[in-house]
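# coordinates for the following, if possible.
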Amino acid sequence: MRTMILSALIAGTALPLMAAAPAIAAQASSTSASTAIDAAVAADLRGEDKARDQYRHPKETLEFFQVGPNMVVAEYAADAGWYSKILAPLTATSGKYVALGVSPTAASFNEQRKAQMAAYPTSYPERAAKATGIAADKIHAYVTNAVPAELNGTVDRILILRMLHNMNRWGILGSELDAMHKMLKPGGMIGIEQHRAKADAPAAYTDGSKGYLKEADVIAMFEKHGFELVGKSEINANPRDTADYPDGVWTLPPNYALKDQDKARYAAIGESDRMTMLFRKK
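Next up, the predicted model:
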């Protein structure tokens, strides 16, 4: 009888212990990712870029996007700049960093622009290596219209950082999202940070030419191209931004389109109000 009772007790406790294991593993993985992101954000190579962390909140943003160092992470329109200096070192050791260039096929591009875009896969790795300290052979660069077949279905995260407005005004937003959908593995996700227009802003102001887009329009576009909204965050919100400047978002820092005109006013506003959202491949 005692043996039967012990067997029953063991059987009864086995399932809860096994169920707890994935949760513990997930917590450990999250902690490890957070530590790796901390190190990448604090790295000396970022230099003066750190001054803008107060507006861009890279640690919180990457954690919201659920980015981990062991993932295949693609940065859209990477320019060996602000986020590249975080993402390339973050993923170079145990993951894979992919620089995803803009398709050179956009009808709105002139021939010179098309040639520059087409050269991106060969020109970018060396340039990024100098900026990030990561070996060029660890930096994988492609353009969206020429992604190798073996990369499709393997990417964990794609990050589109303040570029949706350009994709929209260049007439390539839909086709670029279709290409990214193919690249993502099942359940893979796209994280976006984008200058946010007011909900009642006129269509002429939210076509991308001023840098601002409506949140509802962005969600609708992603849903149209096979994605579902996972979540929103106000990490990068700025309620001081009125988002109605004749010269668009570039009126604000760091661009200061009006130069010294009312510069103190715009400096006090800070960088733009931004939506931050995460979408999953259906």
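# any chance you could map the helices in the chain?
Assigned by DSSP state H, the helices in the chain fall at 2-42, 53-56, 58-64, 84-91, 111-118, 120-132, 164-169, 173-183, 215-224, 263-269.
# hey, C-alpha coordinates of the second one in PDB?
Coordinates of each C-alpha in helix 53-56 appear next as PDB, following Å, rounded to 0.1, in the frame of the first residue of the first chain:
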ATOM      1  CA  ASP A  53      19.000  57.100 -25.700                       C
ATOM      2  CA  GLN A  54      16.700  59.500 -23.700                       C
ATOM      3  CA  TYR A  55      14.500  59.700 -26.800                       C
ATOM      4  CA  ARG A  56      15.000  56.300 -28.400                       C
END
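# what is the mean pLDDT for that helix?
Computed over helix 53-56, the mean pLDDT rounds to 96.
# circling back to that earlier point, how about JSON lines for the helices of the chain, with distance to residue 100 and mean neighbour count added?
Where you see a C-beta, it was placed from the backbone N, CA and C, and this is true even at glycine. Listed next are the helices of the chain as JSON lines, based on distance: least, C-beta to C-beta, whole Å; neighbours: other C-beta atoms under 10 Å:
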{"stretch": "helix 2-42", "distance to residue 100": "19", "mean neighbour count": "11"}
{"stretch": "helix 53-56", "distance to residue 100": "20", "mean neighbour count": "14"}
{"stretch": "helix 58-64", "distance to residue 100": "17", "mean neighbour count": "20"}
{"stretch": "helix 84-91", "distance to residue 100": "11", "mean neighbour count": "25"}
{"stretch": "helix 111-118", "distance to residue 100": "12", "mean neighbour count": "13"}
{"stretch": "helix 120-132", "distance to residue 100": "9", "mean neighbour count": "17"}
{"stretch": "helix 164-169", "distance to residue 100": "12", "mean neighbour count": "21"}
{"stretch": "helix 173-183", "distance to residue 100": "8", "mean neighbour count": "19"}
{"stretch": "helix 215-224", "distance to residue 100": "17", "mean neighbour count": "15"}
{"stretch": "helix 263-269", "distance to residue 100": "31", "mean neighbour count": "12"}
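# name the nearest residue to the most centrally placed residue in the chain, ignoring sequence neighbours.
Residue closest to the average C-alpha location in the chain (C-alpha atoms, centre = their mean): residue 159, at 2.2 Å. For residue 159, ignoring the flanking residues on the chain, the nearest one in space by C-beta to C-beta, 6 or more residues apart in numbering is residue 191 at 4.9 Å.
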